[in-house]
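Peer 1: My questions concern the predicted model and sequence given below.
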Amino acid sequence: MSRLDRLRSVREWLVWQLRRTDDTIAELERQEVVTARAARTLPSPAFGYRLAMRRAGGRPAPDSVHTDDCGMAGKNTKPLGRDQALRAITEDGVTACPYCRPDTGLGVL
């Protein structure tokens, strides 16, 4: 095989590789468009906080307020809106989680 034949073979392989890359880019761009459309149609959560509950005397009692994405809240929680979370911390004496610090986001010092 001559050098010219080898270079033509390499060129064909590079063209093939470039087509595959372009196809992959096009597919990823389509997926991003679909994902962006889906994200726009999903309603934003009305709750940004959670109230962790504990058992006290056989009954559930408020334990602490957490941000919605805090992993320390546990499984037994209730969703709270901003005003409810603020009221729980300031008026009801429920503690704020020391890890996610919902009191900082609520403006409570």
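Peer 2: Great, that's in hand.
Peer 1: Pull out the buried positions in the host helix or strand of residue 89.
Peer 2: In this structure, residue 89 sits in helix 82-90 according to DSSP states H and E. Using 16 or more other C-beta atoms under 10 Å as the burial criterion, the residues of helix 82-90 that qualify are 84-86, 88-89. The way it works is simple: take the backbone N, C-alpha and C, and place the C-beta from them, glycine included.
Peer 1: residue closest to the middle of this structure?
Peer 2: residue 69 (7.9 Å; C-alpha atoms, centre = their mean).
Peer 1: burial measure for the closest residue to it other than its chain neighbours, as a count.
Peer 2: Residue nearest to residue 69 in three dimensions, not counting chain neighbours: residue 100, with 7.5 Å by C-beta to C-beta, 6 or more residues apart in numbering. Residues lying near residue 100 (other C-beta atoms under 10 Å) number 21.
Peer 1: Check residue 81 too.
Peer 2: Neighbour tally, residue 81, other C-beta under 10 Å: 13.
Peer 1: now do residue 80
Peer 2: 21.
Peer 1: what are the ranges of the helices in the protein?
Peer 2: Secondary structure of the chain (DSSP state H): helices at 3-41, 82-90, 102-106.
Peer 1: surely the residue nearest to residue 69 meets residue 64?
Peer 2: No. Applying C-beta atoms under 8 Å as the test, residue 100 and residue 64 come out as separate, 9.7 Å apart.
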